[in-house]
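Peer 1: Please work out how this folds:
(2 chains)
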Amino acid sequence: DTAVSQTPKYLVTQMGNDKSIKCEQNLGHDTMYWYKQDSKKFLKIMFSYNNKELIINETVPNRFSPKSPDKAHLNLHINSLELGDSAVYFCASSQALAGETQYFGPGTRLLVL
Amino acid sequence: AQSVTQPDIHITVSEGASLELRCNYSYGATPYLFWYVQSPGQGLQLLLKYFSGDTLVQGIKGFEAEFKRSQSSFNLRKPSVHWSDAAEYFCAVRTGTASKLTFGTGTRLQVTL
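Peer 2: Predicted coordinates:
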């Protein structure tokens, strides 16, 4: 029944590793997003995909690579993890044409040691 | 560039008291405005939104917000706060055609019994 789901919920890893976060939505939306929430709770958009096409890329380091295999999925792969990547990553989705409300997933808490 | 300001970082109210959380935005065109709530360790839940029409909008959990164009504000209110309302509250504005959400820095609400 979960509208926007993310896996894993928690991710603890060492610096330099590569990791992926997966996001799935069952709302039938055609637009999906990745947001980063830092330790001060500030939320900032990273990427947005519409119908599997990248439409927003907010000057995120190229170590971050989003991939959208289909409209219901948007995964985030991070190479060579750094301490500063520690944050909560939220996936969201919306129906870009019919409305503007974004629905958020529960978040993935990433800790880089 | 668009921006959202939430001047109160932390607010404490007694249960049963009224609440007003402030939000000011900076955006050239008519904004789409949102309030989200984030409970500890949780994702973001939409409380309410304003797109057009009646400037007083009702949301879930007894919240309402009023859009005041002259003051560039979209303050969130609740007449009687419950202990379960303790959370982080984010104001956001949607700008552009790419559905990008710009968030404020959040207001942490603490409710005393």
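
Peer 1: Run me through the strand neighbours of the least confident helix or strand in chain A by mean pLDDT, direction for each.
Peer 2: Using mean pLDDT, DSSP states H and E, strand A:53-57 stands out as the lowest-scoring helix or strand of chain A, at a mean of 84. In its sheet, strand A:53-57 lies beside strand A:43-50 (antiparallel), with partners assigned from DSSP bridges.

Peer 1: mind listing what's buried in the partner strand?
Peer 2: Taking 16 or more other C-beta atoms under 10 Å in any protein chain shown as the neighbour-count basis, strand A:43-50 is seen to contain the buried residues A:43, A:45-50. Any C-beta I mention is one placed from the backbone N, CA and C, and that applies to glycine too.

Peer 1: Using TSV, lay out the residues you listed together with pLDDT and distance to residue A:33.
Peer 2: As requested, those are exported to TSV (pLDDT from 0 to 100; distance: C-beta to C-beta, whole Å):
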residue	pLDDT	distance to residue A:33
A:43	92	11
A:45	91	6
A:46	93	8
A:47	90	7
A:48	89	5
A:49	89	8
A:50	86	10
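
Peer 1: closest to chain B among those residues?
Peer 2: Relative to chain B, the closest of those is residue A:43; by C-beta to the nearest C-beta it sits at 4.2 Å.

Peer 1: Now that closest one. Nearest residue, chain neighbours left out?
Peer 2: Among residues not flanking residue A:43 along the chain, residue B:103 sits closest, at 4.2 Å (C-beta to C-beta, 6 or more residues apart in numbering or on different chains).

Peer 1: Run a quick neighbour tally on the one you found.
Peer 2: Here the neighbour count serves as a burial measure; for residue B:103 (other C-beta atoms under 10 Å in any protein chain shown) it reads 21.

Peer 1: So for the least confident helix or strand of chain A, what gets flagged as buried?
Peer 2: Taking 16+ other C-beta under 10 Å as the criterion, strand A:53-57 shows A:55-56 as buried.

Peer 1: Pull the distance from it to the chain's centre.
Peer 2: On the basis of C-alpha atoms, centre = their mean, to the nearest Å, strand A:53-57 is displaced by 13 Å from the centre of the chain it belongs to.
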